[in-house]
Structures are given as C-alpha cells and as structure tokens.
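A.B. asks: One predicted model, sequence on top.
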Amino acid sequence: MTSQLWFAIFDFLGIAVFAASGTLLAHRKQLDGFGVLVLASLTAIGGGTLRDILLDVPVFWIQDNSVFYTIAAAAFFTVIVLRIYGDLPKRVLLTADALGLAFFVIVGTQKALDVGVSYLIAVIMGTFTGVAGGMLRDVLVQDTPMILKQELYATVCILGSAAYIVLQILGLSQLLSMAASMSFIFCLRLAAIYWHWGLPVFGDRDPYRVKK
Amino acid sequence: MTSQLWFAIFDFLGIAVFAASGTLLAHRKQLDGFGVLVLASLTAIGGGTLRDILLDVPVFWIQDNSVFYTIAAAAFFTVIVLRIYGDLPKRVLLTADALGLAFFVIVGTQKALDVGVSYLIAVIMGTFTGVAGGMLRDVLVQDTPMILKQELYATVCILGSAAYIVLQILGLSQLLSMAASMSFIFCLRLAAIYWHWGLPVFGDRDPYRVKK
Amino acid sequence: MTSQLWFAIFDFLGIAVFAASGTLLAHRKQLDGFGVLVLASLTAIGGGTLRDILLDVPVFWIQDNSVFYTIAAAAFFTVIVLRIYGDLPKRVLLTADALGLAFFVIVGTQKALDVGVSYLIAVIMGTFTGVAGGMLRDVLVQDTPMILKQELYATVCILGSAAYIVLQILGLSQLLSMAASMSFIFCLRLAAIYWHWGLPVFGDRDPYRVKK
C-alpha cells in the first residue's frame, strides 16, 4: 500500500474522530440537530480548510462528497452512542481528540511539504491543521480555546511535526516516519492528559466541561 | 430580463437587508459610528466572501465599489429609521433577516454550481453563504450564533437550496426555480418564527435580544 | 534606499510591535508558553494574512521564515521586559499599538493598490490590514474587539489610508506620502488616547484591561 493511500486513510480517520469530538461538545452545549452538524463539520474540516486556503491549493472537500458522508456518519454514530450510554467518560473524548490530532498534524505537515514550503513553515502548517478546527469550535460556542489554556496541546503538535521531518531527513521511509510521529503525538498527548503535565495555568483546564 | 441580471439584483437586495440587520444588532449592542459600519459590512459580505474564497474565485466586492455604497446606504437608512421610530418591533428585523437569507442561499447555490461542484457541495455552499455572515456577526459581539440555537434556521436553508436544484432538474426554468425556492425559504422561515417551530432548545431563542 | 525597501522595513516593524501587543495581552490573560506565541502570531500576521487571501496573492509569510523569527524575537523580548519590570504602564502598550497600526494600514493600502483595486477598496483593505489582527486576538480571548468600542480606532485608519492616497495624487513622492500618513495615524491615535477623543460608548473602553 502506498504512503499516498495511507495519508488519505489517516485524513479520513482524523475527520471522523474530530467530527465525533464536535458532536460530543455540541451535546454538552445542548445544541440540536443542525447545530450538531455545523459544529461537527467545523471541527472536522476547519483546520484543513484554512491550511488549504493559506497554501493556496484547492480546498480538499470542494470536489469530494465523501468528506461530508464521513462527518454525517461519525456524528450520527456518536449521537446513537450518546443515546445508549448517556454521557461518555471524559477520557474517551480526550483520547479521541488526541487520535485526531495525531492524524491531522502529520497529514498537514506533509501537505505543506508537498507545496514546497520550508521546514519551519511546514511545522507551523501541520500544527495549525491540527489545532485550528478545535479553535473555531471553541470560539463558536464561546469557550476559551483549549490551545490557549493547555500548554502541551500545541507543544505536542510542534514536536510531532518536527519529529516527522527529522525522521525523514535521517533516512526513514515516509510511511515509518508517519507511523512513528503519529504514535509519538498520540502517546505524548495521552501521557500529558493522564499525568496532568504542563505548566500551571489559571482557569478551566478541562476542554469538555460545560461552562456553568 | 436575463436570470443573470436577476441574480445581481437579488445579491444586492440581500446585501442591503443583511447590512440593515447588522446595523440593528449594532444599535442594540450600543456600538457607535464605525462599529456599526464594521458590523453591517461583516454581516452583509461575510458569507459571500468566505464562499468565494472556498470556491477559489475572486472575492465579489474586490473590484466593485457599489457593494460598499449599498452597505453604507442601507446602514444610513436604518440609522435614520431608528432615530425616527426608536427601536423597531422584533418581527420587522426577523422578516428582513428571512428575506436576506432567501436571497443569499439561492445566489450562493447558483455561484457554487457555476464553478462546477456536486449538488451536495452546492447545497452546503448555498447554506453557508446564507448563514456565515450572521455567524461572524454574532461571534464578534459575543452572542451564541443563532444557527446553533435556532434549528429551523439552517434546515430551511438546506431545504430551499435543495429545492432550487431539484426544480431545475425537473425542467423548471432557472428564473422560476429561483423565485419558487426563494419564496419557499422566506415563507418557511417566517412560519417557523411566527409559530415557534423547531425542537426545544436550552437558553435564549431570540437572536436580537441584548444579553443582560 | 527605495520605497520598496522601506515598505519591507515598516512591515517588519509592524509585525514586531503587534507581536509584542499580543504577548502583553496574553500576559494579562495569564496564558502560558505557546498560548503566548499563538496570540502574538495571530495579532502580528492575522491582518496581513486575511488581506492577502482577499486580494488573492500568496500569503506573505508562506515562503518567508523571517516573519516567524521576528515574532519569536519580539515575544521573547516582551516576556523578558515583563519579567524585569513586572506589568508595563498602559500608555506603553497603547503607544506600541498605535505604531503598529500606522505601519500596517499604509503597507496594506499600498499592497492593495499594487494589485490594482479602486481607491475605495484600497482604503478598506488598508484599514482591514491594520485592525483585523487585533480583532482576531480579541475574539480568541473573548474580549469585545476594540474596533467595536473605540470609535477613533477605525476612523484614524480610514483617514490615514485616504491621506496616503490623496498625497500621492497631489504629486508627493511615495516615500514622503508614506512618512506623512504614518505619522498622521500615529499622532492622531495617540491624541485620541491621551485626550479621550471619540463619542461616548457604553462598557469598557480599555482594550488591555483584563475582564473581571
């Protein structure tokens, strides 16, 4: 299987996982029907859309219906799960978020490299792809974006994106670099969540708690 | 009169009506002078601007001064009316908003079809054109966007945009499809407002009420 | 020295000054590490990025690492100063903000003229370049954007941008027009701050004060 195909698969997994995270936040914010779809879509495609506009390439979903089928399916599945189990434990959500972040940061880094930008800009675009969807989501529902309150959130993305580039410079294949840096982001983010790594910050550290 | 010309007319009517709605919200938020112009402009051209960027066509107002003359005139007229009558009854505002929505959704759908996207993407872009200006406006003045709280808001746009495409597939002329689907959006939105259709949601359902 | 080179210099001075203003706001909002960098970057390059996207030219930092070195250096310098002096008196910040505004509005106006838009659109794009970064910054940390509450903020930008164009039409050299209109924006903005010019508005007039 070519690494091109793997990128497409990881891209869609990221979309599905982020759509689910948007749906879960919409549930906590007590939105209905299309409010859920709007928030799920914005979270899932916001980062990639802004990346494509900044890189001046065609927006990835403009000729591709399957992106929206994926979002609708993931949102629907999440709503069903919420109906059956009631609210999910917080760790499930944060794990899903960490997984989506791992996919999007690396896919975004590679897309930027394909356009021919410098390594520095590629790391910035990769990080931006990962975090922008969540930023839009949080601004829309009037939360302080978690990237501003959870330090290891952006740090993990920057380290993972840089690792992906460094591994390839060191001669690792694209596919192995991808697998290693995605695992790195996912595990480091989970570790940061479970052991509460990060500098002390003031205010709410839990991105999924509804503001009173 | 060609349907091309009708589109231009409907586009400008939409701009004027949305500029007036932005001005009315600025009045309720107690903004002054240029704050009013900023909010009126953002509401009037925000949706179309984002649509053009996503479709990768030149932004519609970048070579067209008349868009800003229209916004300035509509804002000025609205301020005069507010000076004479004091605050307007809420139904006037919501009716204007429904009218602007009818214009923008159909114009946006057609613009997307012109670029050659699929029907699904055209419906999404039409809906987005209608609702994005209002979303930007509400985020800027720190309201929860009404699309997130008023379910029939997005639903009506999606149905109207789909109706426009279906009617043309069924063989109706572009102009008749346009008139029918715009009327559909306008009337369904008014009906939803007057009879309070939509699922029960938590929190404020009135987009124009000033937060305490 | 050509006026082209002066533009580049003013552009980077604007980026440094706005990055410092973003860092100062991040400090007051008690953000840490990368939250500071995110807010500094958004404030420094937000306006120019949106301008380039609207004008459909390549985003100015996409092939230019030095923009991010400038932001990182300015943010680092500001953090050092904050560590040494504690919080800075408000007038320092507002002066820096006025300086950045002077640079960005005129650079933005010239960039729009280079693309071949009308004078009206050039004034709008210049003003937008100056104010958009601050708008993004304020929305992200959930403040009401100061452009909506401080009337002379946008007014000064519009007058300065128009002055730059009028002076060139009157036959002044590009460099002199630039120097004169930048000084005009800077001095008028300072005067507006020191003597509290502007219409009375309701609510908080101080952009840098932390909400309760």
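C.D. replies: Sure thing, it's come through.

A.B. asks: how close does residue A:158 get to chain C?
C.D. replies: Separation of residue A:158 from chain C (C-beta to the nearest C-beta, to the nearest Å) stands at 8 Å. Where C-beta positions appear, they are placed from N, C-alpha and C, glycine not excepted.

A.B. asks: ok, that residue - contacts?
C.D. replies: Neighbouring residues of residue A:158 by C-beta atoms under 8 Å, 6 or more residues apart in numbering or on different chains: A:123, A:127, C:34.

A.B. asks: Neighbours of the last one, how many?
C.D. replies: By the measure other C-beta atoms under 10 Å in any protein chain shown, the count of residues near residue C:34 is 22.

A.B. asks: was I right about it contacting residue A:154?
C.D. replies: Yes - contact status for residue C:34 versus residue A:154: in contact at 3.9 Å, counting by C-beta atoms under 8 Å.

A.B. asks: The nearest residue to residue A:127 once chain neighbours are set aside sits in which helix or strand?
C.D. replies: Closest residue to residue A:127 apart from its sequence neighbours, by C-beta to C-beta, 6 or more residues apart in numbering or on different chains: residue A:157 at 4.2 Å. Applying DSSP states H and E as the criterion places residue A:157 in helix A:151-169.

A.B. asks: In three-state terms, label the residue located most distally from the centre of chain A for me.
C.D. replies: In terms of distance from the mean C-alpha position of chain A, residue A:171 ranks first, at 27.1 Å (C-alpha atoms, centre = their mean). Of the three states, residue A:171 takes coil according to DSSP: H, G, I helix; E, B strand; the rest coil.

A.B. asks: That one and residue B:89, how far apart?
C.D. replies: 72 Å (C-beta to C-beta, to the nearest Å).

A.B. asks: I'd assumed residue A:182 was in contact with the residue nearest to residue A:127.
C.D. replies: No - Residue A:157 is not in contact with residue A:182 according to C-beta under 8 Å; the separation is 11.5 Å.

A.B. asks: Of these two, which one has the most company?
C.D. replies: Per other C-beta under 10 Å, whichever of residue A:157 and residue A:182 has more neighbours is residue A:157, with 30 against 23.

A.B. asks: ok, now which ones touch the more buried one?
C.D. replies: So residue A:157 contacts A:101, A:105, A:126, A:127, A:130, A:131, A:185 (C-beta under 8 Å, 6+ apart).

A.B. asks: what's the helix or strand for the residue lying closest to residue A:91 once chain neighbours are set aside?
C.D. replies: Residue nearest to residue A:91 in three dimensions, not counting chain neighbours: residue A:193, with 7.6 Å by C-beta to C-beta, 6+ apart. Element membership for residue A:193 (DSSP H and E) is helix A:174-194.

A.B. asks: Of the contacts of residue A:158, which is the nearest to residue C:68?
C.D. replies: Proximity of those to residue C:68 (C-beta to C-beta) peaks at residue A:123, which lies at 9.8 Å.

A.B. asks: Identify the residue nearest the closest one in space, chain neighbours excluded?
C.D. replies: Using C-beta to C-beta, 6+ apart, the closest residue to residue A:123 is residue A:161 (4.4 Å).

A.B. asks: Just the closest residue of chain A to chain C, please.
C.D. replies: Going by C-beta to the nearest C-beta, chain C is nearest to residue A:154 of chain A, at 3.9 Å.

A.B. asks: Tell me, how many residues neighbour that residue?
C.D. replies: Residue A:154, neighbours per other C-beta under 10 Å, totals 21.

A.B. asks: That one contacts residue A:131, correct?
C.D. replies: Yes - counting by C-beta under 8 Å, residue A:154 touches residue A:131, with 6.3 Å between them.

A.B. asks: Can you give me the pLDDT of residue A:202?
C.D. replies: We have a pLDDT of 34 for residue A:202.

A.B. asks: quick one: residue A:57 from chain B, how far?
C.D. replies: Residue A:57 sits 9 Å away from chain B, going by C-beta to the nearest C-beta.

A.B. asks: Check residue A:122 too.
C.D. replies: From residue A:122 over to chain B (counting by C-beta to the nearest C-beta), the distance is 22 Å.

A.B. asks: Then residue A:48?
C.D. replies: 12 Å.

A.B. asks: does that residue count as helix, strand or coil?
C.D. replies: Residue A:48 - assigned by three-state DSSP - is helix.

A.B. asks: Contacts only, for it.
C.D. replies: By C-beta under 8 Å, 6+ apart, residue A:48 lies in contact with A:11, A:60, A:61, A:104, A:107, A:108, A:129, A:133.

A.B. asks: The fifth one contacts residue A:129, correct?
C.D. replies: Right, residue A:107. Yes - contact between residue A:107 and residue A:129 holds when scored by C-beta under 8 Å: they sit 7.0 Å apart.

A.B. asks: who has more neighbours, the two?
C.D. replies: residue A:129 (31 against 28).

A.B. asks: ok, that one - contacts?
C.D. replies: With C-beta under 8 Å, 6+ apart, residue A:129 has these contacts: A:47, A:48, A:50, A:51, A:104, A:105, A:107, A:108, A:109, A:111.

A.B. asks: 6 Å instead, please
C.D. replies: With contacts defined as C-beta atoms under 6 Å, 6 or more residues apart in numbering or on different chains, the neighbours of residue A:129 are A:47, A:48, A:51, A:104, A:108.

A.B. asks: For it, which non-adjacent residue is spatially closest?
C.D. replies: residue A:108 (2.7 Å).

A.B. asks: Can you classify the one you found as helix, strand or coil?
C.D. replies: When classified by three-state DSSP, residue A:108 comes out as helix.

A.B. asks: neighbours of it, just the number please.
C.D. replies: Residue A:108, neighbours per other C-beta under 10 Å, totals 30.

A.B. asks: Distance of the nearest residue to residue A:57 once chain neighbours are set aside relative to residue A:152?
C.D. replies: Of all residues not flanking residue A:57 in the chain, residue A:115 sits nearest, at 6.4 Å (C-beta to C-beta, 6+ apart). Residue A:115 is 28 Å from residue A:152, where distance means C-beta to C-beta.

A.B. asks: For chain A, just list every one of the helices.
C.D. replies: If DSSP state H is used as the criterion, the helices of chain A fall at A:3-28, A:33-55, A:66-85, A:90-115, A:119-140, A:146-149, A:151-169, A:174-194.

A.B. asks: Could I get those in a markdown table, plus columns for distance to residue B:137 and mean pLDDT?
C.D. replies: Compiled in a markdown table, the helices of chain A are given as follows (distance: least, C-beta to C-beta, whole Å; pLDDT from 0 to 100):
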| stretch | distance to residue B:137 | mean pLDDT |
| --- | --- | --- |
| helix A:3-28 | 21 | 87 |
| helix A:33-55 | 16 | 88 |
| helix A:66-85 | 25 | 91 |
| helix A:90-115 | 29 | 88 |
| helix A:119-140 | 13 | 87 |
| helix A:146-149 | 23 | 66 |
| helix A:151-169 | 29 | 89 |
| helix A:174-194 | 35 | 91 |
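
A.B. asks: Fine, thanks again, bye for now.
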